[in-house]
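Novice: Whatever this is, show me its structure:
(chains A and B)
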Amino acid sequence: MNQAILLVEDNEHDVFLMRRALKQAEIQNPVYVVSDGEQAIEYLAGNGEYKQRNLYPFPALVFLDLKLPFKDGHEVLAWIRQEAELDELVVVVLSSSDEPSDIAQAYKLGANSYLVKPPSLGQLRDLAKSFKWYWLKYNQFAECEAKGVK
Amino acid sequence: MNVSELTQVENRDSWLAAIVESSDDAIITKDLNGIITSWNQGAQRIFGYSAEEVIGKPVAILIPPDRQNEEPGILARLRNGQRIDHYETVRQRKDGTLLDISLTVSPLRNAEGKVVGASKIARDISVRKQAQRALRESEERFRAVVDNIPQMAWTSTQSGDVTWYNRRWYEYTGTTFEQMKGRGWIAIHHPEHLERVVAKFDESLQTGRVWEDTFPIRGKDGKYRWFLSRAVPIRDSAGKIQLWFGTNTDVTEQREAREALARSHDDLEKRVTERTASLTEAIAQMEEFSYSVSHDLRAPVRAMQGYAQATLEDYGDILHDQGREYLNHIVRSAERMDRLVRDLLTYSRLARSELELQPVSLDRLVRDIVSHYPEMQQPKAEIITRGTLHSVIAHEPSLTQALSNLLSNAVKFVAPGVKPEVELYSEQQGARLRLWVHDNGIGIKPEYRGRLFGLFERIHNGKYYEGTGIGLAIVRKSVERMGGRVGMESNGKGSKFWIELPSAQTDS
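Specialist: Residues are numbered from 1 along each chain as shown, chains lettered A, B, ... in the order given. I've put the predicted structure just below:
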């Protein structure tokens, strides 16, 4: 079963490039996109329209941008890690920033990985491929969805 | 009168004569004309004449020329039967020297009670007079000195009544001794300080301890100046206080200087606080700016690159060669732009971050760096180290950045077709260690070396050698932030760059 990927990204161009790179890396998992921090929390909590998990499946993996409208990536990450049921959700920060303070804070808040957005499409594709190799092919995801997040 | 009575009289006469002869004082008799009639041993000792020399001579030979007029007066009083007691005057010795004497002259009467002459007792008092003169002179010298010191000075009795002020006191206060004697000085003290001053002064008078105080005294211009005042008790040989000697030293300027200093110190403190605040604000703004550059400035560049690349991939086959060429320019420019932004961020981060310094092994660091960059490894390039490189005190991430930049320059700037060969070695320079990076590259012309470590300085043609012009600026900034120095030499056969940092060797 192909588990969902949630992409939290407000820049539509980055969304386009990411989708394209995932597709070129032949990652089949369905990609759902939310464009701000509040929506990300609503989605993961299953509030409002996101209750309909047939339309908005609970993801096995989240790509999280840091600079987001309303709540930023660090806040979303902090929220995720204090929700007992989301303990084992894999969160990969995907940011333009390579500021040491951003990286350190993301790991401190419980990010599983921190990737700097590469400057070229070719490098993004390489990143998606190696990502597939590690996270999607061999990593055994915990069954977050089965526990049912309220 | 019988024989035994006569013998008694003779005995008494010789007895008295013995007393006269043995006296230390000069005992002389003279008649009413002033002619000397007897002269004892004491007289010979004091005046230098023998009895034979002076008996029958006028007594005036003992009187110095300027006192010759004394004798008629003395003789006149004697004739009237009057006595002269302890008359202090000056007489002359045989050798002409003068001496101070105390003179007692008594009339001598005959059996009828008529005055027929005089007995004169002269006591040498030159030693006592000398002592008195010496005392007066020493007191005059003291006054002369104390009148000319820049301080005000005074003496007071043991109960604090002032008996004398020096000249400076009158010059400054414009007062007279009549106004100031006793406790007259109270009049020119500042009312706010007077009570304290008097209380402390009285306490010293009571205890006999040195008095010291600082207070304002009013000058003749009506203005107050500050004086540091001190008085010490002068005691006699028995330890009893005879008098107090006091001084008042003008310390107005010192006080003003001290106050000015305190004020300027406060000012400085305030300015430092203000500057620190504005600096802190500037740093905060800088950080905000960098954050924004990091996150926002790179997104459009990424989009430009991505869409151009996507266009090439998806529509490359329906474009002409020139169209594809244009898109390639966009892709490469966007990549270069991203590298520039990243290097700038690195540079600004170096300038503002706190660097924690600790020992770093250069040998390990070089191995780590080379293992990260394929272009520094065989067969593309050869990086060798000569001997042990040792350790330095540094911030490892910053040093990694600096050394990576130097090494990638070393393997980049070679003539076409030449395999880069880089040699690393270190030398101890006192407490510092200098790491040399010697390459076989194209070298750098001497005229460009001054610009080498500046920001955005490019001294090679971008057509042949890629670069942002920030790499060496980053090297310098990071090394300087770690308390070190950088430099380079070029002798036509490649370049020799060096980094100098505090050595981690304890035995150096």
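Novice: give me phi/psi at B:His329?
Specialist: phi -60, psi -40 (degrees, to the nearest 10).
Novice: Could you give the number of residues near it?
Specialist: B:His329 has 11 neighbouring residues, counting by other Cβ atoms under 10 Å in any protein chain shown. Just so you know, the C-beta spots here come from the backbone N, C-alpha and C atoms, and that holds for glycine as well.
Novice: so where is chain B shaky, pLDDT-wise?
Specialist: B:1-10, B:294, B:450, B:455-468, B:492, B:506-508 (pLDDT under 70).
Novice: Would you mind listing what in chain B touches chain A?
Specialist: Taking Cβ under 8 Å from any Cβ of the partner chain as the test, the list of chain B residues beside chain A reads B:290-291, B:294-296, B:298-303, B:305-307, B:309-310, B:313, B:331, B:334-335, B:338-339, B:342, B:345, B:349, B:353, B:397.
Novice: In helices, which of those fall?
Specialist: B:290-291, B:298-303, B:305-307, B:309-310, B:313, B:331, B:334-335, B:338-339, B:342, B:345, B:349, B:397 (DSSP state H).
Novice: Apply the buried test to those and list what passes.
Specialist: Buried members of those, counted by 16 or more other Cβ atoms under 10 Å in any protein chain shown: B:290-291, B:298-299, B:301-303, B:305-307, B:309-310, B:331, B:334-335, B:338-339, B:342, B:345, B:349.
Novice: So what would you say the end-to-end distance of stretch B:150-163 is?
Specialist: Terminal residues of stretch B:150-163 are spaced 20 Å apart (Cα to Cα, to the nearest Å).
Novice: Which of the residues in that stretch are classified as buried?
Specialist: Applying 16+ other Cβ under 10 Å to stretch B:150-163 flags B:Gln151, B:Met152, B:Ala153, B:Trp154, B:Thr155, B:Ser156, B:Gly160, B:Val162 as buried.
Novice: chain center to it: distance?
Specialist: Put simply, stretch B:150-163 sits 32 Å off its chain's centre (Cα atoms, centre = their mean, to the nearest Å).
Novice: Also stretch B:427-435?
Specialist: Distance, centroid of stretch B:427-435 to centroid of chain: 40 Å (Cα atoms, centre = their mean).
Novice: buried stuff in that stretch?
Specialist: So stretch B:427-435, judged by 16+ other Cβ under 10 Å, has buried residues B:Arg432, B:Leu433, B:Arg434, B:Leu435.
Novice: Pretty sure B:Trp498 is one of the things the first one touches, is it not?
Specialist: In this case it means B:Arg432. No - proximity of B:Arg432 to B:Trp498 does not meet the contact threshold set by Cβ atoms under 8 Å, at 10.8 Å.
Novice: And the helices in chain A?
Specialist: Using DSSP H, the helices found in chain A span residues A:12-24, A:37-45, A:73-82, A:100-108, A:121-131, A:144-147.
Novice: ok, now chain B?
Specialist: Counting by DSSP H, chain B has helices at residues B:3-22, B:41-47, B:51-54, B:70-79, B:126-147, B:167-173, B:177-180, B:191-207, B:252-292, B:298-315, B:321-352, B:362-372, B:396-412, B:471-481.
Novice: Counting by contacts, list what the longest one packs against.
Specialist: Read it as helix B:252-292. strand B:224-235, helix B:321-352 (3 or more Cβ pairs under 8 Å, 6 or more residues apart in numbering or on different chains; DSSP states H and E).
Novice: Relative to chain A, which of the buried residues of stretch B:150-163 is nearest.
Specialist: B:Gln151 (66.7 Å; Cβ to the nearest Cβ).
Novice: what about that closest one, distance to B:Glu203?
Specialist: Here the distance between B:Gln151 and B:Glu203 works out to 23 Å (Cβ to Cβ, to the nearest Å).
Novice: Which of the helices of chain B sits closest to B:Asp31?
Specialist: helix B:70-79 (9.9 Å; Cβ to Cβ).
Novice: what comes up buried for the closest one?
Specialist: Buried residues in helix B:70-79 (16+ other Cβ under 10 Å): B:Glu70, B:Ile74, B:Leu75, B:Leu78.
Novice: Can you name the residues in contact with it?
Specialist: Contacts to helix B:70-79, defined as Cβ atoms under 8 Å, 6 or more residues apart in numbering or on different chains, come from residues B:Leu32, B:Gly34, B:Val59, B:Ala60, B:Ile63, B:Ile84, B:Thr89, B:Val105, B:Pro107, B:Val115, B:Ala118.
Novice: Tell me which of those residues fall in strands.
Specialist: Using DSSP state E, the subset of those located in strands is B:Ile84, B:Thr89, B:Val105, B:Pro107, B:Val115, B:Ala118.
Novice: which residues does the fifth one form a beta bridge with?
Specialist: In this structure, B:Val115 has beta-bridge partners B:Arg109, where bridges are defined by DSSP bridges.
Novice: so it touches B:Pro107, yeah?
Specialist: Yes - between B:Val115 and B:Pro107 there is a contact under Cβ under 8 Å: 4.6 Å.
Novice: if you count what's nearby, which of the two comes out ahead?
Specialist: Just comparing B:Val115 and B:Pro107: by other Cβ under 10 Å the higher neighbour count belongs to B:Pro107, 19 against 16.
Novice: circling back to that earlier point, narrow the buried residues of stretch B:427-435 to those in strands?
Specialist: B:Arg432, B:Leu433, B:Arg434, B:Leu435.
Novice: Between all of those, which two are at the greatest distance?
Specialist: Largest pairwise distance in these, by Cβ to Cβ, is 10.3 Å, between B:Arg432 and B:Leu435.
Novice: Tell me who's in contact with A:Leu115.
Specialist: A:Val92, A:Val93, A:Leu94, A:Ser95, A:Leu127, A:Phe131.
Novice: Please report the distance of it from B:Lys200.
Specialist: From A:Leu115 to B:Lys200 the distance is 81 Å (Cβ to Cβ).
Novice: Nearest to B:Asp236 among the buried residues of helix B:70-79?
Specialist: B:Glu70 (38.2 Å).
Novice: Per the annotation, how does chain B divide into domains?
Specialist: Domain segmentation of chain B under automatic domain parsing yields B:3-126, B:149-250, B:256-348, B:356-502.
Novice: Would you mind finding the most buried of the ones you listed?
Specialist: domain B:356-502 (a mean of 17; mean count of other Cβ atoms under 10 Å in any protein chain shown).
Novice: Next, the distance between the ends of that one.
Specialist: 14 Å.
Novice: how distant is that domain from the center of its chain?
Specialist: So, by Cα atoms, centre = their mean, the centroid of domain B:356-502 is 50 Å from its chain's centroid.
Novice: just stretch B:171-180 next, same as before
Specialist: 36 Å.
Novice: got the end-to-end distance for it?
Specialist: Stretch B:171-180: ends 13 Å apart by Cα to Cα.
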